[in-house]
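> please work out how this folds:
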Amino acid sequence: MLTGLALPHLQVAEALAASGPVPCAALADLVDVTGTESARGLGAALEALADRALVWTDGEGLLRMAAPLPQAWDSPLGLDAPLTRLLADTTSEELRRMLVALGIPSPGTTKKHRLTALLEHHSDPERVAAVIASAPSSTRNLLERRASHRGEQAQSQAHFLMFRTPPADSEPSVRWALERGLLVRDRHSGYGSTRMPAEVALALRGAGWRAPFEPVPPVVRTVSVTSAEVDREAAAAATAFAAHAASVLATCSAAPPVLLKSGGVGARELSRISKAAQCDDIVVRLVLETAYDAGLLARDGGQVAATDGYDTWAEREPAEQLTALLHAWRTLPLTPTQARGEDGKALPALAGTPPRGGCPQAREGLLAAAAQLPADRGVHSPAELGPLVAWHRPLAEQLPQDTTPFATTIREAELLGVVARGALSPIGAALRTDHAEALAAACERLLPTATRAARFGADLTAVVTGTPSARLAALLDTVADKEVGGTASVWRFSPTTVRRALDTGRTADALAADLSAVAVGALPQSLSYLINDSARTHGRVRITPAACVIHGEEPALLAELVTHRKLAALGLRLLAPTVLVSRTPLDKTLATLRAAGYAPVAERADGTVRVEKTRRRRAAAPVPPPPPLPGQRRRSVPTVTPVTAGLSTLAARLRAAPPILPAPDPFGTGVPYGTDTEEIVAGCAKNLAYSDVRQLAHAIDADTAITVEYVAASGNRTVRTLSELVLDPPYLYAWCHLRDDERVFTLSRIHGVMPG
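Got it, this is the predicted structure:
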């Protein structure tokens with residue numbers, strides 16, 4: 001839910017998580033709301049949080065948060081826990097010594113009274129500042145460094161919240177702060193770790209410190225642009241993409257791309273499709289991912305093949321085709337044109353990567369950012385949309401391949417006609433509202449209908465402006481080669497292409513009639529001549545499949561063989577008066593003819609008669625043992641005397657023998673698993689041995705670290721140590737020690753398991 005919030009909404013939520021239940025006025029003072037615009041921004045942020053049931057006002061006028069929400073930050077605003085929580089395990093005697101060091105009389109002998117007195121002292125920033133002012137200089141420097149708010153620089157919170165004891169020469173400064181409760185020893189993170197209470201950190205930051213709050217999006221350079229210019233450029237981009245999508249999917253329908261062993265469509269197949277469809281690799285990736293999500297493509301064994309839905313989609317108008325792909329793009333749980341992984345390796349398309357919620361949010365942020373631009377204004381350059389997207393969706397996922405923020409997402413939007421001339425197009429505005437009818441109407445208004453006619457030139461070319469209809473494209477693809485695609489497509493005719501059309505069974509007259517039906521005007525004379533000349537030479541040489549050939553000098557005898565009923569199964573065919581072909585192999589044809597009473601002979605490939613000799617079968621003689629060396633005697637082979645026993649004796653021995661348990665074989669024998677986790681892991685991790693399955697399942701159940709050999713989507717093998725394992729088949733969520741971050745792993749890509 002947090003991924004859909006803008007930057008000021010997250011900043012207000014973080015400030016409230018740090019300060020706890022407070023009145024709205026105290027929260028406004030913490031985030032430095034002084035002007036009308038910032039006050040309006042605070043109200044809008046609280047309203048957005050309230051709409052999501054994350055923040056509300058209780059009966060006492062205090063702002064409260066949903067219980068799980070504060071856990072989204074390890075240390076909101078760079079502050080550690082309050083003193084009450086940090087001193088929960090402190091003894092009454094330790095509290096007494098702190099009060100004595102601060103010069104505060106002990107209010108009683110119970111822990112509760114002493115803790116209340118210490119809390120009252122540390123809650124007063126002036127009193128805390130006075131204590132720190134009297135501290136040694138080394139202690140003051142240490143505390144000021146610890147209190148500095150480094151969360152704005154996105155540094156690791158553990159770097160300044162958890163602190164190891166300094167070297168021996170500065171140990172007294174730490175002890176001085178510990179004795180007065182300015183630092184608290186962390187009893188759960190090992191020896192030497194200290195934590196600074198939030199009250200002390202706020203006192204050190206001073207009365208003028210305020211939490212960061214940016215209610216207004218960043219200012220970007222804009223240029224004047226009319227709605228007509230936006231419509232014109234969006235229409236050109238959307239029309240070109242619709243035409244490319246039709247070409248890419250037609251190529252995949254004719255020759256389905258082959259999947260890599262590691263999964264996905266690799267660089268070689270992408271290059272083949274790109275060359276055949278005459279478009280860039282980024283367009284091919286975008287079409288494949290959106291079409292797969294829309295159900296136009298599906299995995300079929302080791303290939304990605306077109307579905308029945310593609311046949312219906314191909315018959316629709318370009319506007320309807322684009323609408324289906326736009327709906328898929330808006331909700332894709334990944335960035336379709338991501339070509340590089342975190343390690344810089346090339347990624348295949350359709351790799352089946354785990355879904356990531358930050359990817360759709362990047363597109364939502366782009367639509368929101370472009371919609372907030374003033375009317376008749378567009379950004380100076382598309383790259384300037386990146387900071388606006390980051391403000392609207394700060395938790396959206398950014399790709400490592402992007403040189404500027406969200407460059408890949410912005411480029412996809414331009415290719416689809418969602419963003420044009422740095423502004424939101426009518427297609428993008430309809431897509432943002434998620435209104436199906438409005439999106440269909442916008443696409444229908446901007447995209448032309450499919451072209452059903454072509455202009456044929458005397459230079460043996462056919463030119464189609466706009467997106468050709470499925471029938472026209474199929475006809476031209478059959479009889480010509482496509483040279484140019486996009487808003488205008490060009491096909492070229494040649495003797496080879498016309499011969500290809502004739503091979504499909506069309507005659508020259510039928511081919512000329514089909515082309516005339518889609519031509520603007522009459523067919524050029526040069527094209528008619530080409531078709532007739534190609535048809536005249538077509539089929540002058542014929543090739544017949546045959547398993548063997550029968551020939552003889554008596555035409556009557558060969559004609560008799562063709563009509564013989566007992567020889568019908570041979571599939572004999574008369575090619576010439578003295579030549580027959582048979583669909584049956586030579587040896588079987590020979591035996592059948594002899595069984596029918598004929599006396600044929602067989603020939604070799606060079607035409608000579610094959611002489612048949614019967615070879616008698618003989619057993620291989622045993623190999624004699626090697627002769628002994630001089631002075632060495634031949635060893636005798638001991639004979640084994642079989643032991644005989646009665647049936648009663650054998651039965652008694654079998655009953656007394658221990659039972660033989662079947663070896664664990666969960667992959668096909670039906671032996672039950674030890675735990676449900678083992679069964680789930682074994683069902684998803686097909687590349688693991690049973691011992692590895694048990695080891696991984698134990699690590700998940702016992703919450704222990706494990707080391708795995710993992711094959712990434714790019715095919716690169718890595719060895720990673722994982723902890724904090726959470727099983728969500730077919731995925732495994734874990735903390736990756738190699739990347740020092742939480743990652744999602746596909747169980748089927750784990751090829752080995754080792755102890756952590």
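
> helix or strand right after the helix or strand R536 falls within?
R536 belongs to helix 525-537 when assigned by DSSP states H and E. Sequence-wise, the next helix or strand downstream of helix 525-537 (DSSP H and E) is strand 548-551.

> quick check, T335 in contact with Q398.
No: between T335 and Q398 no contact is recorded; they are 9.6 Å apart, counting by C-beta atoms under 8 Å. Glycine gets a C-beta too; all of them are placed from N, C-alpha and C.

> enumerate every residue touching the closest residue to H737 other than its chain neighbours.
Closest residue to H737 apart from its sequence neighbours, by C-beta to C-beta, 6 or more residues apart in numbering: T721 at 4.3 Å. Shown in contact with T721 (C-beta atoms under 8 Å, 6 or more residues apart in numbering): A705, I706, T707, C736, H737, L738, G756.

> pLDDT value on the nearest residue to A508 once chain neighbours are set aside, please?
Take A508 and drop its neighbours on the chain: the residue closest to it by C-beta to C-beta, 6+ apart is A535, 3.6 Å away. What the model reports as pLDDT for A535 is 92.

> what's the answer for G631, then?
Reported pLDDT for G631: 45.

> repeat for T669
At T669, pLDDT is 41.

> got it, and P405?
As predicted, P405 sits at a pLDDT of 92.

> what strand or helix carries T592?
helix 586-595.

> show me what that helix is packed against.
With contacts taken as 3 or more C-beta pairs under 8 Å, 6 or more residues apart in numbering; DSSP states H and E, helix 586-595 sits against strand 548-551.

> try it again with 7 Å
Helices and strands touching helix 586-595, by 3 or more C-beta pairs under 7 Å, 6 or more residues apart in numbering; DSSP states H and E: there are none.

> buried ones in that helix, by neighbour count?
T589, L590, T592, L593 (16 or more other C-beta atoms under 10 Å).

> touching, P8 and A45? I think so.
Yes: between P8 and A45 there is a contact under C-beta atoms under 7 Å: 4.9 Å.

> mind listing what's buried along the host helix or strand of the residue nearest to H737?
Under the criterion of DSSP H and E, T721 resides in strand 717-728. Neighbour counts over strand 717-728 (16+ other C-beta under 10 Å) mark R720, T721, L722, L725, L727 as buried.

> rounded mean pLDDT for it, please.
90.

> next helix or strand past that strand?
Proceeding N to C from strand 717-728, the next assigned helix or strand is strand 731-736, under DSSP H and E.

> partners of that next one, with directions?
Partner strands and pairing direction for strand 731-736 (DSSP bridges) are strand 717-728 (antiparallel), strand 741-746 (antiparallel).

> just the CA atoms of the last one, as PDB, please.
What follows is strand 741-746, C-alpha atoms only, in PDB (Å, rounded to 0.1, in the frame of the first residue of the first chain):
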ATOM      1  CA  ASP A 741      19.300  -6.700   0.300                       C
ATOM      2  CA  GLU A 742      16.100  -8.600   0.200                       C
ATOM      3  CA  ARG A 743      15.700 -10.600  -3.000                       C
ATOM      4  CA  VAL A 744      13.200 -13.000  -4.600                       C
ATOM      5  CA  PHE A 745      14.500 -16.300  -5.900                       C
ATOM      6  CA  THR A 746      12.700 -18.800  -8.200                       C
END
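
> so where do the strands sit in the stretch 351-500 of the chain?
Ranges of strands within the stretch 351-500 of the chain are 377-379, 419-420, 423-424, 455-456, 461-465, 481-484, 488-492, based on DSSP state E, counting those that start in this stretch.

> quick check, distance from the fifth one to the centre of its chain.
The chain centroid and the centroid of strand 461-465 are separated by 38 Å, computed with C-alpha atoms, centre = their mean, to the nearest Å.

> mind listing what's buried in it?
Across strand 461-465, burial judged by 16+ other C-beta under 10 Å covers T461, A462, V464.

> now stretch 211-223
The neighbour-count check on stretch 211-223 (16+ other C-beta under 10 Å) flags A211, F213, P215, P217, V220, T222 as buried.

> which outside residues touch stretch 45-54?
For stretch 45-54, the external contacting residues (C-beta atoms under 7 Å, 6 or more residues apart in numbering) are M1, L5, P8, H9, V12, A13, V55, W56, M65, A66, L69.

> swap in 10 Å and give it another go.
With contact meaning C-beta atoms under 10 Å, 6 or more residues apart in numbering, stretch 45-54 is reached by 1-2, 4-13, 15-16, 24, 27-28, 31, 55-57, 63-66, 68-69, 213, 215.

> for the longest helix seen in the chain, what is the average pLDDT?
Of all segments of type helix in the chain, defined using DSSP state H, the longest is helix 227-254. Average pLDDT, helix 227-254: 93.
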